[in-house]
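Asker: Quick one, structure for this:
(2 chains)
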Amino acid sequence: MYEVDATCRYLQHIDYFKRESSPQSRCRYNYKLCEVTPNSVYHTLHRLNRATRNKPSPKEGAPQQRASMAEEVILLDTWVSPFGMRARIALAEKGIKHEHREEDLGNKSDTLLKMNPIHKTIPVLIHNGKPVCESNNIVQYLDEVWHDKSPLLPSDPYLKAQARFWADFVDRKVFDAGRKVWVTKGEEQKSLMEEFIGHLKTLEAELGDEPYFGGEKMGYVDVTMVPIYSWFHAYEVSGNFSFESHCPKLVAWAERCMQHHSVSKALPDPEKVYQYVLQLRKRLGIE
Amino acid sequence: MAEVVLLDFWGSPFGMRARIALAEKGVKYEYKEEHLLTGKKTPLLLETNPVHKKIPVLIHNGKPISESLVIVQYIEDAWSDTAPLLPADPYGRSQARFWADFVDKKIYDQGKKIWANKAGEVQEAGKKELMESLKLLEGELGEKPFFGGETIGYVDVALVPFYTWFYSFETIGNFSIEAECPKLIEWVKRCLERESVSKSLVDPEKVYVDLILVLKKMYGYE
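Answerer: Alright, predicted model coming up:
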């Protein structure tokens, strides 16, 4: 199985093949001597993996090859981003040593623009030089590579699908409505706020009487959802209401998650978030 | 009920994703049409997808899964010993998920700006944005026969169904996708050589006449 750790050996192979081998041996390995970009490495690894494709996929829980060399993990992030918080929580849950780099989104670093040229957004996880973008994608990647520590996704395909469904709901409904609240005012804002609360109630019903969306322990959906809790104070003050009166079980769930060091450390001070939102609305000319 | 049921709508690119994945894995299933143009949704749909009330819904041994990419990933996990759609290595998988997510975030909404509007600013913006997205995808494809490499994979399954709506975008928007993205259209033709794709995709002209024009009338997008 060729995984991320093979990348470095592959890079050495490129030099070897360029120097040493005949065209015949290059063909035998079916290497494409391509420019080393993240995509080309992926494609070459995929081609190498094809050789193992006919073997049954590793059974769930079976140990996979892990990078044996020192890992270099960098997270490009901004303190207030709920998307960045997801990555922070997952990294902490799995005890992954990493470098956290704060980005100024008004003045994006060359690294960010190079590592996420498509969306130019944070968070970006850079693992041994290779970027992974989109927060839920990052969490899933971390779960797959560091699968033996605090697994976030269940191994059962149906339960995994349910977790993915709800994480998608959090993204497309909860976070989307929540974000729009800040860039609107008046009646439109009120209506979006009602929509936001409606989605929270749907989630609360899904949680039921379980301590976490992941069951007995925090899982993928908990990690995806809990960051928005750091923004609750801002919503409550701006909208002059309390989430507890609408979805008390969800608030209790969030406070339960906050008992975890991985969460309490990842989420910023809600008052700071509120001040940030006020500044944002001023900058956008909404207030 | 059959062991595997797919609630679907003939013209939905999202439904086509599920159809292709099931065919790739050789899974026998019962196809149930939701007649969405009548405005009525069956009790089965409302019961199996109460949150979104949308197709596709895959029902496996009575248990429902919704959201097309979640369904495709489920099919991949549940029938893991045949025709893998995702690579085995985590980095390759993350790349595939990134690009499928890109397709989801961009193509439908950008296409809708074209077909649901008259010629004008919004439609022009849709055309520009769609072509940018398709060019980025074409760049990602590169020289590979498929996004999945030598054979079709997750991103191919996510994107190729939208080809059935290209004719509608081009006719209504008065432009040609092939002119600007010839390699992407070559890729489509390669995909269509696979039975799993050719049997799952519908005729683009039928989409235009029996779906897009009907939707335009129904919602007053004229």
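
Asker: Report all helices and strands that the helix or strand hosting A:Ile138 contacts.
Answerer: Using DSSP states H and E, A:Ile138 sits within helix A:135-145. Packing contacts for helix A:135-145, counted by 3 or more CB pairs under 8 Å, 6 or more residues apart in numbering or on different chains; DSSP states H and E, involve helix A:82-93, strand A:124-127, helix A:220-225, helix B:90-115. In short, each C-beta sits where N, CA and C put it, glycine included.

Asker: burial measure for the residue lying closest to B:Val155 once chain neighbours are set aside, as a count.
Answerer: Excluding the flanking residues, the one nearest B:Val155 by CB to CB, 6 or more residues apart in numbering or on different chains is B:Phe147, at 3.7 Å. Using other CB atoms under 10 Å in any protein chain shown, B:Phe147 has 26 other residues around it.

Asker: Wait, B:Phe147 touches B:Glu138, no?
Answerer: No - judged on CB atoms under 8 Å, B:Phe147 makes no contact with B:Glu138 at a distance of 10.5 Å.

Asker: what is in contact with those two at once?
Answerer: Common neighbours of B:Phe147 and B:Glu138 (criterion: CB atoms under 8 Å, 6 or more residues apart in numbering or on different chains): B:Trp187.

Asker: and the angle for the helix holding A:Ile138 with helix B:90-115?
Answerer: Per axes from the mean of the first three to the mean of the last three CA atoms, to 10 degrees, the angle that helix A:135-145 makes with helix B:90-115 is 160 degrees.

Asker: in chain B, which spans are strands?
Answerer: B:4-8, B:30-33, B:57-60, B:63-66 (DSSP state E).

Asker: quick one, which of these is packed in tightest?
Answerer: strand B:57-60 (a mean of 24; mean count of other CB atoms under 10 Å in any protein chain shown).

Asker: Pull out the CA atoms of that one and give them to me as PDB.
Answerer: Taking C-alpha atoms only, strand B:57-60 is exported to PDB below (Å, rounded to 0.1, in the frame of the first residue of the first chain):
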ATOM      1  CA  VAL B  57     -32.800   8.400  -1.600                       C
ATOM      2  CA  LEU B  58     -31.200   5.000  -1.500                       C
ATOM      3  CA  ILE B  59     -33.000   2.500   0.600                       C
ATOM      4  CA  HIS B  60     -30.900  -0.600   1.600                       C
END
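
Asker: Lowest average confidence across helices and strands of chain B, where is it?
Answerer: helix B:213-219 (a mean of 94; mean pLDDT, DSSP states H and E).

Asker: got the contact list for it?
Answerer: With contact meaning CB under 8 Å, 6+ apart, helix B:213-219 is reached by B:Leu37, B:Trp115, B:Ala116, B:Tyr221, B:Glu222.

Asker: Show me the residue at the heart of chain A, geometrically.
Answerer: Nearest to the geometric centre of chain A sits A:Ser135, at 2.6 Å (CA atoms, centre = their mean).

Asker: and it, what does it touch?
Answerer: A:Ser135 neighbours (CB under 8 Å, 6+ apart): A:Phe83, A:Gly84, A:Arg86, A:Ala87, A:Pro123, A:Thr224.

Asker: burial count for the closest residue to it other than its chain neighbours?
Answerer: Take A:Ser135 and drop its neighbours on the chain: the residue closest to it by CB to CB, 6+ apart is A:Phe83, 3.9 Å away. A:Phe83 is flanked by 19 other residues according to other CB under 10 Å.

Asker: A:Phe83 reaches A:Leu125, doesn't it?
Answerer: No - A:Phe83 is not in contact with A:Leu125 according to CB under 8 Å; the separation is 11.6 Å.

Asker: intersection of neighbour lists for those two?
Answerer: With CB under 8 Å, 6+ apart, A:Phe83 and A:Leu125 have no common neighbours.

Asker: how far away is the residue nearest to the centre of chain A from chain B?
Answerer: 11 Å (CB to the nearest CB, to the nearest Å).

Asker: what pLDDT does that residue get?
Answerer: pLDDT for A:Ser135: 98.

Asker: what's the answer for the one 5 residues further on, then?
Answerer: We note a pLDDT of 98 for A:Gln140 in this prediction.

Asker: quick one: contacts for it?
Answerer: Counted by CB under 8 Å, 6+ apart, A:Gln140 has contacts A:Leu153, A:Tyr220, B:Arg93, B:Ser94, B:Arg97.

Asker: sorry, back to before: for the helices and strands packed on helix A:135-145, which one sits closest to A:Lys265?
Answerer: For A:Lys265, the closest of those is helix A:82-93, at 6.2 Å, according to CB to CB.

Asker: Now the phi/psi pair for the residue nearest to B:Thr42 when sequence neighbours are not counted, please.
Answerer: The shortest distance from B:Thr42 to any non-neighbouring residue, by CB to CB, 6+ apart, is to B:Glu34 (6.2 Å). Note on B:Glu34: its backbone torsions stand at phi -100, psi 120 [degrees, to the nearest 10].

Asker: So what's the residue count around B:Glu34?
Answerer: 21.

Asker: so what's it up against?
Answerer: With CB under 8 Å, 6+ apart, B:Glu34 has these contacts: B:Leu7, B:Asp8, B:Phe9, B:Lys41, B:Thr42, B:Leu45, B:Ile55.

Asker: contacting residues around B:Lys127?
Answerer: B:Lys127 touches B:Lys113, B:Ile114, B:Phe169, B:Gly173, B:Phe175, counting by CB under 8 Å, 6+ apart.

Asker: Let's have those in TSV, adding neighbour count and distance to chain A.
Answerer: Below are the contacts of B:Lys127 laid out as TSV (neighbours: other CB atoms under 10 Å in any protein chain shown; distance: CB to the nearest CB, whole Å):
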residue	neighbour count	distance to chain A
B:Lys113	20	18
B:Ile114	25	21
B:Phe169	26	22
B:Gly173	20	24
B:Phe175	16	23
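
Asker: rewinding a little: dump the contacts of A:Gln140 into TSV; add distance to A:Lys201 and pLDDT as well.
Answerer: Below are the contacts of A:Gln140 laid out as TSV (distance: CB to CB, whole Å; pLDDT from 0 to 100):
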residue	distance to A:Lys201	pLDDT
A:Leu153	25	98
A:Tyr220	21	98
B:Arg93	34	98
B:Ser94	33	98
B:Arg97	29	98
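
Asker: Just the buried ones from those residues, in PyMOL syntax?
Answerer: To isolate the buried ones among the contacts of A:Gln140 in PyMOL, judged by 16 or more other CB atoms under 10 Å in any protein chain shown, type:
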select buried, (chain A and resi 153+220) or (chain B and resi 93+94+97)
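
Asker: can I get the contacts of A:Gln140 in CSV with distance to A:Trp166?
Answerer: Shown next, in CSV, are the contacts of A:Gln140 (distance: CB to CB, whole Å):
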residue, distance to A:Trp166
A:Leu153, 12
A:Tyr220, 8
B:Arg93, 20
B:Ser94, 20
B:Arg97, 17
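
Asker: between the contacts of A:Gln140, which is nearest A:Leu76?
Answerer: Proximity of these to A:Leu76 (CB to CB) peaks at B:Ser94, which lies at 15.4 Å.

Asker: ranking the helices and strands packed on helix A:135-145 by burial, who's on top?
Answerer: helix A:220-225 (a mean of 28).

Asker: can you tell me if it touches chain B.
Answerer: No - judged by CB under 8 Å from any CB of the partner chain, helix A:220-225 makes no contact with chain B; its nearest approach is 12.1 Å.

Asker: Spell out which residues of chain B are next to chain A.
Answerer: Counting by CB under 8 Å from any CB, the residues of chain B lying close to chain A are B:51, B:60, B:63, B:65-67, B:69-71, B:73-74, B:77-78, B:80-81, B:84, B:87-95, B:97-98, B:101-102, B:136, B:140, B:142, B:144, B:148-150.
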